[in-house]
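**Q** need coordinates for the below:
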Amino acid sequence: MCEPDAVRETHVDASGLFIPSDVREFRGQNVFRTPWATIQYVGSEPLEAYYGLIDASHFGDVDIEPAVRCDG
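**A** Numbering: from 1, shown residues only. Here you go, the predicted model:
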């Protein structure tokens, strides 16, 4: 998938979470936090433009008792 040069903000579409190029180039650990999950990515290769493990279902209404949430 081609990445327009002007795109800097993350967004979610059918391909997953879009990750800006300067973040993708980081060759260590990336941690993605959404209202529903924390996903830790550890790798030696740069990430692809779209991270398919995070989709629209990770966002939206979060009606959970505040004491149950773990958002630090």
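**Q** helices and strands around the helix or strand of the chain with the lowest mean pLDDT, which ones?
**A** Lowest on mean pLDDT, DSSP states H and E among the helices and strands of the chain sits helix 21-24, with a mean of 81. Packed against helix 21-24 by the contact rule (3 or more Cβ pairs under 8 Å, 6 or more residues apart in numbering; DSSP states H and E) you find no helix or strand. C-beta coordinates here come from the backbone N, C-alpha and C atoms, glycine included.
**Q** name the residues of that helix that are buried.
**A** R24 (16 or more other Cβ atoms under 10 Å).
**Q** got any ranges where this protein has weak pLDDT?
**A** Where the chain drops to pLDDT under 70, the residues are 1-7, 61-72.
**Q** show me where it has its strands.
**A** 12-13, 16-18, 29-33, 38-42, 50-51 (DSSP state E).
**Q** could you save these as CSV and add columns showing distance to G60?
**A** CSV is the format used below for these (distance: least, Cβ to Cβ, whole Å):
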stretch, distance to G60
strand 12-13, 10
strand 16-18, 14
strand 29-33, 15
strand 38-42, 17
strand 50-51, 18
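**Q** now render those as a markdown table, adding distance to F59 and mean neighbour count.
**A** Below are these laid out as a markdown table (distance: least, Cβ to Cβ, whole Å; neighbours: other Cβ atoms under 10 Å):
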| stretch | distance to F59 | mean neighbour count |
| --- | --- | --- |
| strand 12-13 | 7 | 14 |
| strand 16-18 | 10 | 20 |
| strand 29-33 | 11 | 13 |
| strand 38-42 | 13 | 11 |
| strand 50-51 | 14 | 20 |
